[in-house]
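Asks: mind looking at a prediction? Sequence and model below.
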Amino acid sequence: MVQNNQFTIKEAQAVFESAKKQPHINYSLLILEKCLNTYSIDELFMSFNGGKDCTVILHLTSALLKMKEESKPLTCLYVRDDPFPEVDEFVNKATRYYGIKVLTKKKPIKAAVEALLNENKDLKASLMGTRRDDPGSQSLEPFKYTDPSWPKIMRVNPILDWSYSQVWQFILEHQVPYCSLYDQGYSSLGDRNKTVPNPLLKDPDNPSRYLPAYMLIDESTERHGR
């Protein structure tokens, strides 16, 4: 899916052009702008697991950083434990394409975040790919601190109110690189031993094949297969 070897100003400008016509993109950029006005690049990291939602966040953030001519790389936390090889492969491609700095930690996620913050005392906020459709996310806000039992850090949720179809519309319109598993019928990625292709994406003309994730009709079934 990567059209060029590296994210360019042309891709960044295309995102801002889309924002003029699509309010949800514009709102997400405003959230990111507020975030970057509040926290420096050294105080910010992104939770990046190779999934479609955080990939959209990475593309949006990269567009804003490119327009701001920010030279420092965005730090991304990749928490893994027996991941799909395709996810590892995509994270490596995204690292090169966006020029990000990826720090890899083992699960559980809370311990990984604690370790990251202990090693990087300046970090104060995390960009998240959370959407309101995700379990337990109904009461989230664009800016909200972690729960009391977690290390205290600001969670920034730029695409909180995006729908599944809006995520895929953005990815396809902007030719955003994404994990190849989404072309194999996976509509939501989790642990390898607990995740299978979405049964609703079976190709009706060939039951041994699956349709790509962006062809899922019923958005409420996004997490089928997990």
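Replies: Great, that's in hand. Numbering: from 1, shown residues only.
Asks: for the chain, what spans make up the helices?
Replies: Taking DSSP state H, the helices of the chain run over residues 9-19, 23-38, 52-67, 85-98, 109-119, 164-173.
Asks: please convert those to a markdown table, extending it with mean pLDDT and mean neighbour count.
Replies: In short, each C-beta sits where N, CA and C put it, glycine included. As requested, those are exported to a markdown table (pLDDT from 0 to 100; neighbours: other C-beta atoms under 10 Å):
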| stretch | mean pLDDT | mean neighbour count |
| --- | --- | --- |
| helix 9-19 | 98 | 15 |
| helix 23-38 | 98 | 17 |
| helix 52-67 | 98 | 22 |
| helix 85-98 | 97 | 18 |
| helix 109-119 | 95 | 15 |
| helix 164-173 | 98 | 18 |
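Asks: redo the ones you listed as TSV? Include distance to residue 152.
Replies: Compiled in TSV, the helices of the chain are given as follows (distance: least, C-beta to C-beta, whole Å):
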stretch	distance to residue 152
helix 9-19	31
helix 23-38	15
helix 52-67	21
helix 85-98	27
helix 109-119	9
helix 164-173	29
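Asks: and those helices: which comes nearest residue 158?
Replies: Among the helices of the chain, helix 23-38 comes nearest to residue 158, with 4.2 Å by C-beta to C-beta.
Asks: tell me, what residue is most central in this protein?
Replies: residue 54 (0.4 Å; C-alpha atoms, centre = their mean).
Asks: from residue 93, how far off is that one?
Replies: 14 Å (C-beta to C-beta, to the nearest Å).
Asks: so what's the residue count around the residue lying closest to residue 125 once chain neighbours are set aside?
Replies: Distances taken as C-beta to C-beta, 6 or more residues apart in numbering put residue 154 closest to residue 125, at 4.0 Å, once the chain neighbours are dropped. Neighbours of residue 154 under the rule other C-beta atoms under 10 Å: 17.
Asks: show the contacting residues for residue 154.
Replies: 39, 124, 125, 126, 143, 144, 145, 146 (C-beta atoms under 8 Å, 6 or more residues apart in numbering).
Asks: and the residues you listed, which are buried?
Replies: Listed as buried from the contacts of residue 154 are 39, 124, 125, 126; burial here means 16 or more other C-beta atoms under 10 Å.
Asks: pretty sure residue 142 is touching residue 156, no?
Replies: Yes. Counting by C-beta atoms under 8 Å, residue 142 touches residue 156, with 6.8 Å between them.
Asks: shared neighbours of the two, anything?
Replies: Listed contacts common to residue 142 and residue 156 are residue 31; contacts here mean C-beta under 8 Å, 6+ apart.
Asks: who's more crowded, these two?
Replies: Shown here are residue 142 and residue 156; by other C-beta under 10 Å, residue 156 has more neighbours (26 against 18).
Asks: what's the closest non-adjacent residue to residue 160?
Replies: Nearest non-adjacent residue to residue 160 (C-beta to C-beta, 6+ apart): residue 132, at 5.5 Å.
Asks: now the one you found: how far from residue 47?
Replies: 17 Å.
Asks: and these two? which has more neighbours close in?
Replies: residue 47 (21 against 14).
Asks: identify the residues contacting the more buried one.
Replies: Here residue 47 is in contact with 54, 76, 77, 79, 126, 127, 128, 129 (C-beta under 8 Å, 6+ apart).
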